[in-house]
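Chemist: Below is the structure, and that's it, no one-letter string:
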C-alpha cells in the first residue's frame, strides 16, 4: 500500500464516528461575521489612507495630474536613480520623474533587481480596514520578485480600487485565484527580538503608497 | 421556591462557615434552604485528575440527593461549573437514558450563590454591613466558565461601609488547579506568589473570593508571607449585618417572613 | 541544549514538573517572558476589541475546520486534484522519517548542498534540518528567530517568536560568534541586529536554488497555498528559487478560497496583535515566469490520524498556530516553552503532542497535567478549541495508560478510596465527625507548615490552614433546621 493509500485509509478509519450519510455541506458553517461595511466610499478611502500610514508606509493623496510630480518627490527623497517597472505600467507616469526606468523584460536577474534602487507598481486593490494592498501577478504589477527585492516600493492605488473589508477583498480576488497574490500591509517587520517591533527586514524597507483620486474624466 | 444547598466537599470539611453564611443570607431574604444529607461531592477532583469513572459514581449520588428541588444553590463557582460543563458529558457516555434525562433536568437548576441572588431573586443589596477595605479575587471557573462577571463586585459594593479595592490582574489564575498545586508545585507556587503580591499591593484588610479552593491556596500562601490579612468567601461578608454581626457563624438566623 | 532528531519531542526532555523547575529558576528569562506575554496580550486585546464580530469570526473558523476535519479524506483528495492540475507534484509521507527522505531526495536531485527555509513548525517537528545536515545538506533558517535558534544550537521556545527566551544582548553575542563578517561595532539594538540579519541572508536569498516551506493553509477547492509572515524572508524563499518543497500537515486543509476571509482575519489579530501581518503570499501551482518552475507538496501524517481518531481530542487539529494560547497562559508565562520538551509548547502543545505521539513516554503523559485548567487559552483561541476539555480528557487517557502498566498504584487507591468514602452516607459522615476534631487539634491555630511526601509540594510555599472542629453537616444537624415549613429534611 502506498503512503497515500495508507494515510487516506487511516483518515477514514479515524472518522468512523462520522455518520456515513453526512455530507460536508451538512456540517453547518454560519457566516454571521461582517462581510460588508456601512462606510461611504469616501470614508473607505479615508480609512485606507489612515490604516496604511499606521503601519509605517507613507501615503500621498493626489489627483492623477500630480502623479509624476509626486513620484519625482519620492525619487528625490530617497535618491533613487533607477526604478523598475513591470510590463503594463504606464511609462508616462515615470517620464519626467528624474529617474531611469528599467523594464523587466527580458526578466532581470535577482542580483540586478537587488542593484535597482526601487520599483513602481500599480495594485489589484486596497483593503481599508487593515491597510492592505493586494498585488496580483500581471500587467502593472509584474512578477512577485519585482516588488520584493528592491528596497523602495512605490505603489499606485486608485481610490476606486479600495474596498472596506477583508471578505470583500477575498471575494474580489477569488477571480484571480490561480495567479500569485501578495497581500502587503506596511513594510516588512519583525518582533522576534524581545517583541520589539523592528521595521524593514527582508522585503522593501520603504513603502510609498500614492493614492490617486479617480479622475471623473478617466 | 424550594431551594437546596449544595455545600461541596471542600466547604463541608474545611469551610463550614461559608455554608452557614449562605444559609444566613437566604433566610434573611425570606428564602428557606434545605440541606439534603445524601449529598457529598460533585466529582470535580476526580474528573480533573483523570478519574472520570469515579466521578460518575459521585454524579449519580448528586442527582439522587437533589431530586425535587427548584434550585440547587452552591457557594462554589468551580463546583457549579463542574455540574454545568461536565455532568452532561459524563452522563452521555454511560448510555443510561434515565440518568441523562435526570441530569438534563437538574443541570439548569444548579446555580452559584451570586446567580441565585441577582438573576433569580433580583437582589443586589442583601442588607450586609462590613466596614472594611476589601479586595476580591474572581475564581477562574466563575469568571470564564460561568460568566459570573461583576456579580460579586456588585454585591460587595452594595454592602454598607465596605470599600471595594480593585485587585490588579484579578483575572490571573491563583495557581490552585486541584492536583496541579502538588504535581506542579513549583509552577503553582510561582503563580500564587504573584497573586499574593497583587493582593498585598491593594492595601486591603480583607481578601474575598467566590471559591474556597482558591482560598485554600491563596490564604495558605498569604499566611506564609504575613499573618495580617483576613481571607474569606464573599458570602461570609454578605451574611454579616449591623444588627447581628457575625452571629451567623454560631446559629442560623430566623427565616424572615417575606417573599420567595 | 542541542537539537536532536526524533519527531516532535526533543531527545533528553524531562517530564514537565522537572523541566519546569529548571526553567523557573532562570530569573531573567522569567522577567522577559512576563513582560512580552503581557504586552502581546494587550495588543491582541486591543485589535480584537476593534471588531464587533469577533465571536462570529471565531465560530466560523471553528465550523469551517470542523467541516474539513470530519471529511478530511474528501478534502485531501480534492486538494491533491487541484494541486496536480495546477502543476504541483504531490507526495504523501506517513511519518517524520518518510517525509525527511522525500525532501532529501528532492534536494539531492538538484545537486544543491545549501537550501533556504521559511519558518515551519512541521519541518521542526520532523527534525528535517538535522536529517539533511547528516547527509551533507545545510538548511539555512531565514526567519530571524529561527536563525538565532539555529546559530546558537538552541531549541525554539514559542510558536511565533521562537527566540523569545533570548534577550538582545544574548542575540548580539550569538551573531558575533556564529555569523561571518559581523562588524565589532554591532550593537544590541533590535534594529541593528535585524539589519545584520538582512545583510547576512540577502546573499543567500539571491543565490538560493531550492527552498523548503510549510504552509499556513492549503485550499482544497483551488490548490492554493498560503504563507502568512512578517519579515519578507517567506516571499524571498517562495519566489526566487527554482524548486520549492512545501511540507504540509494534513490538517492544514481548508475548503474554499473564500474561507481565507475568515482565517486571514483571525490569524494576524490572534498571533501578533495586528490588523494584518506585513506579507501574505498566495500561490496556486506553477506560474510561468513568476517563481519556482518546480513545485512539490508533501502531505504529512506523523500522528495526525491518531489525533483525528479521538472524537474529543481531534479539535486540537483545528489549530492555526497563532500562539494566542501560549501568550495567555499563566503557566507558559512562567516556565517558557522549553519546559514542555516539544516543538509545540504551551496549552496547544500540551494537547497536541501526546495525541501525535501517544502516551508511551512519561513526557507525553505529564503534558496534560501542565495546567491549572484556568481556561484563559480557550477564551482566546480563534478556532474555539476547548483546551481544558481536551486536557481533562487526555488526563483520563494518561491515568488509564498508567493503570494498564501498573504505575501510580497509590494515587489510584487514594482516589478510589476518596470516591468510595464520598459515596457512602455513613462513612462520609463518620469520617468528618471523627477526623475533623482530630485534624483541628493536630494542626493547631498556627496550621501546618510542613507536610511529607506529595504534600511537600503544597507546603513549599503555603501553610495548611487549621481545619474547623466541626463540619457543616454536623452543625446543620445540631441546629435542627427543617426546611420548608416543618417538612422533614430528606
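Modeler: The structure has been received and is ready for your questions. Predicted model only: the values in this text are computed from it and were never measured.
Chemist: State the pLDDT value of residue C:484.
Modeler: We have a pLDDT of 59 for residue C:484.
Chemist: how far out from the middle of the chain is stretch C:13-25?
Modeler: 17 Å (CA atoms, centre = their mean, to the nearest Å).
Chemist: How about that stretch, which residues are buried there?
Modeler: By neighbour count with 16 or more other CB atoms under 10 Å in any protein chain shown, stretch C:13-25 contains the buried residues C:13, C:15, C:16, C:17, C:19, C:20, C:21, C:23, C:24. Where C-beta positions appear, they are placed from N, C-alpha and C, glycine not excepted.
Chemist: repeat for stretch C:146-161
Modeler: Buried, per 16+ other CB under 10 Å, within stretch C:146-161: C:146-152, C:154-161.
Chemist: tell me the contacts of the residue in the stretch 101-250 of chain C that chain B sits nearest to?
Modeler: As assessed by CB to the nearest CB, chain B sits closest to residue C:157 within the stretch 101-250 of chain C, at 15.6 Å. Contact analysis of residue C:157 by CB atoms under 8 Å, 6 or more residues apart in numbering or on different chains lists C:163, C:164, C:165, C:336, C:337, C:338, C:345.
Chemist: Quick check: of those, which lies closest to chain A?
Modeler: residue C:163 (5.8 Å).
Chemist: The nearest residue to the closest one once chain neighbours are set aside and residue B:126, how far apart?
Modeler: Nearest non-adjacent residue to residue C:163, counting by CB to CB, 6 or more residues apart in numbering or on different chains: residue C:145, 3.9 Å away. According to CB to CB, to the nearest Å, residue C:145 and residue B:126 sit 54 Å apart.
Chemist: swap in residue C:80?
Modeler: Distance from residue C:80 to residue B:126, by CB to CB: 65 Å.
Chemist: Residues contacting the worst-scoring helix or strand of chain C on mean pLDDT, please?
Modeler: Here the helix or strand of chain C ranked lowest by mean pLDDT, DSSP states H and E is helix C:144-151, holding a mean of 87. Identification of contacts with helix C:144-151 by CB under 8 Å, 6+ apart yields A:190, A:192-193, A:201, C:117, C:119, C:129, C:140-141, C:154-156, C:161-164, C:166, C:171, C:174-175, C:177-179, C:194, C:197, C:201, C:231, C:233.
Chemist: Can you select the buried ones among those for me in PyMOL?
Modeler: Of the contacts of helix C:144-151, the buried ones go into a single PyMOL selection, burial set by 16+ other CB under 10 Å:
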select buried, (chain A and resi 190+192+193+201) or (chain C and resi 117+119+129+140+141+154+155+156+161+162+163+164+166+171+174+175+179+194+197+201+231+233)
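Chemist: Give me the residue at the spatial middle of chain A.
Modeler: residue A:134 (2.8 Å; CA atoms, centre = their mean).
Chemist: Domains in chain C, by residue range?
Modeler: The record's domain parsing of chain C by automatic domain parsing lists C:53-306, C:409-489.
Chemist: out of those domains, deepest packed?
Modeler: Of all the domains of chain C, domain C:53-306 has the most neighbours on average by mean count of other CB atoms under 10 Å in any protein chain shown, namely a mean of 21.
Chemist: How far does it sit from its chain's centre?
Modeler: That offset, for domain C:53-306, works out to 16 Å (CA atoms, centre = their mean).
Chemist: one step back: next helix or strand past the least confident helix or strand of chain C?
Modeler: helix C:168-178 (DSSP states H and E).
Chemist: What angle do helix C:144-151 and that next one make with each other?
Modeler: Angle, helix C:168-178 to helix C:144-151, by axes from the mean of the first three to the mean of the last three CA atoms, to 10 degrees: 50 degrees.
Chemist: Now residue A:61: closest residue in space, sequence neighbours ignored.
Modeler: Nearest to residue A:61 is residue A:211, by CB to CB, 6+ apart, at 4.9 Å.
Chemist: That neighbour looks like it's in a strand, true?
Modeler: Yes. Counting by DSSP: H, G, I helix; E, B strand; the rest coil, residue A:211 is found in a strand.
Chemist: you'd agree it is up against residue A:154?
Modeler: No. Checked against CB atoms under 8 Å, the pair residue A:211 and residue A:154 is beyond contact range at 11.8 Å.
Chemist: Select the longest helix from the chain.
Modeler: I'll assume chain A. With secondary structure taken from DSSP state H, chain A has its longest helix at helix A:41-54.
Chemist: could you do chain B instead?
Modeler: helix B:185-201.
Chemist: which residues are contacting the helix or strand following it?
Modeler: Using DSSP H and E, the next helix or strand after helix B:185-201 towards the C-terminus is strand B:206-209. Outside strand B:206-209, the residues within contact range by CB under 8 Å, 6+ apart are B:130, B:132-139, B:152, B:156, B:199, B:215, B:218-219, B:222, B:229-234, B:236-237.
Chemist: ranges for the strands of chain A?
Modeler: Taking DSSP state E to define them, one finds strands in chain A at A:58-63, A:82-85, A:100-103, A:118-121, A:125-127, A:132-136, A:152-158, A:162-163, A:181-184, A:189-190, A:198-199, A:206-213.
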